[in-house]
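*Asks:* Need a 3D model of the sequence below.
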Amino acid sequence: MRRVVAMVLLMLLGAAGWAVADDPDGQKPVGGLEFIDEVRVTVVNVDVFVRDGQGRPVEDLGRDDFRLLQDGKEVEISNFAVLSKEMIRHMLAPLGENALSTAAAPATLPPEIRPVYVVLYIDNENLRPLDRNRVLRRVREFVIENLEPPVEMMVVSYQRSLVTAQPFTQDSRAVNDALRGMTRLTGGRVELDNARNAIVDDLQEAKQTGGGQEGQAGPGDIRQRIYQYAQEEGTNLGFTLSALRQMIAMLSGVEGRKSIIYISSGLPMTPGYGLMQEYASVFHDNSIMANRSVLDRTRAFQELAAVANAQEVSLYTIDAEGLDTLDGGSAESAYGRDPVGASVASRNFKDSLDYMADATGGIAILNTNDPTAGLVRISEDLFSYYSLGYALSSVDLDRVHRLEVEIPGHPDYDLRYRRRFVEKSLETQVQDRVFTSLMVEIDDNPMGLELTDAEPTPVAGTRWTVPLHVSFPLDKVALLPVGEDYVGQVVLFIGAQDLEGRSSEMQRQEHEIRIPAADYEGAVRQRFAIDVTLLLDEGQQRIAVGLMDQLTRRASYDRMVVTVP
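*Replies:* Next comes the predicted model:
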C-alpha cells in the first residue's frame, strides 16, 4: 500500500471569532463573493427489480402500483421510470457510440437513464485455476453481449494486492483481453487447499484405522493444526475483505449505477469450520466447536455489505467452484470425505457469497458448473428495472435510512432492491470523489484548482519525497470580515494511487486564509498556494486533490500523474 504523508510547508496561521454583519437584503458580505442560505434537495433513486413466480421480469407496472417508505414512513414517488434494454437503445441511439464517455456521462444522458459501471473482480487469491478459467469463458461471452451504452466495465484482479487490469471502458475487446490475462495467473487457493487436504487425510486415516497406531497423527496434533489452519484462513479472509472495501471506496464518487461482479471459489463465513465439524465427527469430541464463535466472521461480512450500501454498490457473486461440494476438493486426498463435514464446509464457503449479494441487492450464482443462466439475470438487472425517485431535504449529515418498497396489488411478486440508503454530508461526498478521481477523471473544477510537482528527493530504499504545489484564485473563496482581516477556511483532501491500483489512505488538512483588509483588493487578484510534501514509492503515481470551501460549501477537484523519481 502506498501511503501519502502530507506535511504543510506554507500556510497562513491564525485564529479568530466569526463576527458577520448582515446587509439590508439579508445577504452577508463575503470578500468578493456573496452567498445566501439554501436547503439542498437530493433526489434519491431506488432501483427495483421485479420478478414473477417463474423468475421473469415484470415490466408493466405503473407509479401507483408501488409504495416507497423511508424509515417506515411513506414518501411521495416524484420520479418514476420503467426501463428495458430496447428502450435504452432507442433513447441513446441519437447520442452516438461515445455518448456515455466517463467524463461526459452526467451532462449528456437523458434524465431517466444513468450510466452503469460494472467491475469484473477476479479474486485470484481465492480461486482455483480450473474453476476460474471455466467461469471466465462464460464471463467473456457476457461482456460481448452486454458492453454497450450505458454500460462501462473494468477488470480488477486481487492476488495479495488489488491491481487494475483494465480501467472503465466500453471496448469489449479490451475488457476480454484483460480477462484472458487472468488465465495465466496461479490461483492462491491452492496452498490452503494443500494444507487442508493434509489435515483431512489424517482425519480420515484415524477414522478408518481407529487411531492410535504408530506414526499416525493423534487428536491433539490434528486439533492444533486445525486451529493454525483456521487462523491462517481467517487472516487471508481479512485481507480479502479489505481489498473488496478498497474497490468499493474507489467507486464511491462515481455518479451512476454501480455493481461489482465478484468471482471466487467462495469465502469462509467461519474459517476452519468444515475441519472442526469433521474432527468432531471422527473423534466424537464436540469441544472443538467452542471455537466457532471466536472464528466466526459474520460481522466482517455485515460491515462489508454496509460499506457497499453506503456507496450504492451492488455485489453480484459467482461461486466458481460449481457443483463440487467438497471443501478444498478431494482429488488430491488419499481418503474419502465425511459427507456431513464436506457439506458443512461447502455451505460455509457459499453462505458468504449468498449474503453479500442478498444484502446489497445483487444476485448470487451458486451450485452450478455453468453460470450462463445467472449471468443472464445479471444482464437483465443492468438494463431492465424500475427507477423510483423521491426528494430528500439534506441536512449535511451522514445518516443511514431504511428503505422499503411494496407492491400491494401483487404480493406474489419477488422484489429486489437496496434496503439501506446513506445520506452523505458534503465533506464525505468530497472525500468520495477524490478517491474516485484516482480511477476516473472527474471534470469538476469551478474554483480553478491547479496542481504542479517539483523534483523528488530520495528518502530511503524505494521511497521519495515529492513536493506538490496546490493553488487556486483567492476570488474563488469566501472571505468574511473579521476585525481588521478577511478570513476564509478551506479543507484539502489528498489521495494517491499507483498505476497498478494500490491506493493511499486519504489525507485531510484544514487551512485558514487570513488577509489584512487593507491588502484585500490586491490579494484577491492573486492565487493562494499550499505546498505539501508527499512520501511516495518509485514508479508512476496518480495524485488527486479535492478542495472544499467551508463557507460556500463549494468543492473543486484536480489530479495529475507524477513519475517517481
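*Asks:* residue ranges for the helices of the stretch 101-250 of the chain, please.
*Replies:* For the stretch 101-250 of the chain, applying DSSP state H, counting those that start in this stretch gives helices covering 105-108, 129-146, 172-182, 189-209, 219-250.
*Asks:* what's the average pLDDT for the first one?
*Replies:* When pLDDT is averaged along helix 105-108, the result is 42.
*Asks:* ok so, going back, who wins for proximity to Tyr158 among the helices of the stretch 101-250 of the chain?
*Replies:* Among those, the nearest to Tyr158 by C-beta to C-beta is helix 219-250 (4.9 Å). Quick note: C-beta positions are derived from backbone N, CA and C, even for glycine.
*Asks:* starting at the chain centroid, how far to the closest one?
*Replies:* Relative to its chain's centre, helix 219-250 lies at 20 Å (C-alpha atoms, centre = their mean, to the nearest Å).
*Asks:* before we move on, back to that, Serialize the helices of the stretch 101-250 of the chain to TSV and add fields for distance to Ser503 and mean neighbour count.
*Replies:* Listed next are those as TSV, based on distance: least, C-beta to C-beta, whole Å; neighbours: other C-beta atoms under 10 Å:
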stretch	distance to Ser503	mean neighbour count
helix 105-108	23	15
helix 129-146	25	18
helix 172-182	19	18
helix 189-209	25	18
helix 219-250	6	18
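*Asks:* For Leu323, find the nearest of these.
*Replies:* For these, the distance to Leu323 is smallest for helix 129-146, at 11.0 Å, taking C-beta to C-beta.
*Asks:* can you list contacts of that closest one?
*Replies:* 120, 122, 124, 153, 172, 175-176, 179-180, 182-183, 185-187, 190, 261, 263, 265, 318, 320-322, 369-372, 375, 378-379, 382-383 (C-beta atoms under 8 Å, 6 or more residues apart in numbering).
*Asks:* Double-check that Val376 belongs to a helix.
*Replies:* Yes - Val376 forms part of a helix when assessed by DSSP: H, G, I helix; E, B strand; the rest coil.
*Asks:* Distance check, Ala523 against Gly220.
*Replies:* 77 Å (C-beta to C-beta, to the nearest Å).
*Asks:* no wait, Ala496
*Replies:* Taking C-beta to C-beta as the measure, Ala496 falls 49 Å from Gly220.
*Asks:* what's the answer for Thr452, then?
*Replies:* Going from Thr452 to Gly220 by C-beta to C-beta gives 65 Å.
*Asks:* repeat for Thr164
*Replies:* Per C-beta to C-beta, Thr164 is found 47 Å from Gly220.
*Asks:* which residues in the stretch 51-200 of the chain form strands?
*Replies:* 67-70, 73-75, 79-83, 116-123, 151-158, 162-169 (DSSP state E, counting those that start in this stretch).
*Asks:* Would you convert these into a markdown table that also reports mean neighbour count and distance to Asp519?
*Replies:* Listed next are the strands of the stretch 51-200 of the chain as a markdown table, based on neighbours: other C-beta atoms under 10 Å; distance: least, C-beta to C-beta, whole Å:
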| stretch | mean neighbour count | distance to Asp519 |
| --- | --- | --- |
| strand 67-70 | 17 | 50 |
| strand 73-75 | 12 | 51 |
| strand 79-83 | 17 | 49 |
| strand 116-123 | 25 | 47 |
| strand 151-158 | 24 | 49 |
| strand 162-169 | 19 | 46 |
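*Asks:* Please convert those to JSON lines, extending it with distance to Leu551 and mean pLDDT.
*Replies:* Shown next, in JSON lines, are those (distance: least, C-beta to C-beta, whole Å; pLDDT from 0 to 100):
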{"stretch": "strand 67-70", "distance to Leu551": "30", "mean pLDDT": "97"}
{"stretch": "strand 73-75", "distance to Leu551": "31", "mean pLDDT": "96"}
{"stretch": "strand 79-83", "distance to Leu551": "32", "mean pLDDT": "91"}
{"stretch": "strand 116-123", "distance to Leu551": "33", "mean pLDDT": "97"}
{"stretch": "strand 151-158", "distance to Leu551": "36", "mean pLDDT": "96"}
{"stretch": "strand 162-169", "distance to Leu551": "34", "mean pLDDT": "91"}
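*Asks:* possible to save those strands as CSV with distance to Val561?
*Replies:* Converted to CSV, the strands of the stretch 51-200 of the chain look like this (distance: least, C-beta to C-beta, whole Å):
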stretch, distance to Val561
strand 67-70, 42
strand 73-75, 44
strand 79-83, 37
strand 116-123, 22
strand 151-158, 18
strand 162-169, 13
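*Asks:* Tyr229: which of these is closest?
*Replies:* Tyr229 sits nearest to strand 116-123 of all the strands of the stretch 51-200 of the chain, at 19.6 Å, using C-beta to C-beta.
*Asks:* What helices and strands are in contact with the closest one?
*Replies:* Using 3 or more C-beta pairs under 8 Å, 6 or more residues apart in numbering; DSSP states H and E as the contact test, the elements touching strand 116-123 are helix 129-146, strand 151-158, helix 172-182, helix 219-250, strand 257-264.
*Asks:* and of these, who's closest to Ser387?
*Replies:* Per C-beta to C-beta, nearest to Ser387 of the helices and strands packed on strand 116-123: strand 257-264, 9.3 Å.
*Asks:* so what strands line up beside the closest one?
*Replies:* Applying DSSP bridges, strand 257-264 is found paired with strand 116-123 (parallel), strand 313-319 (parallel).
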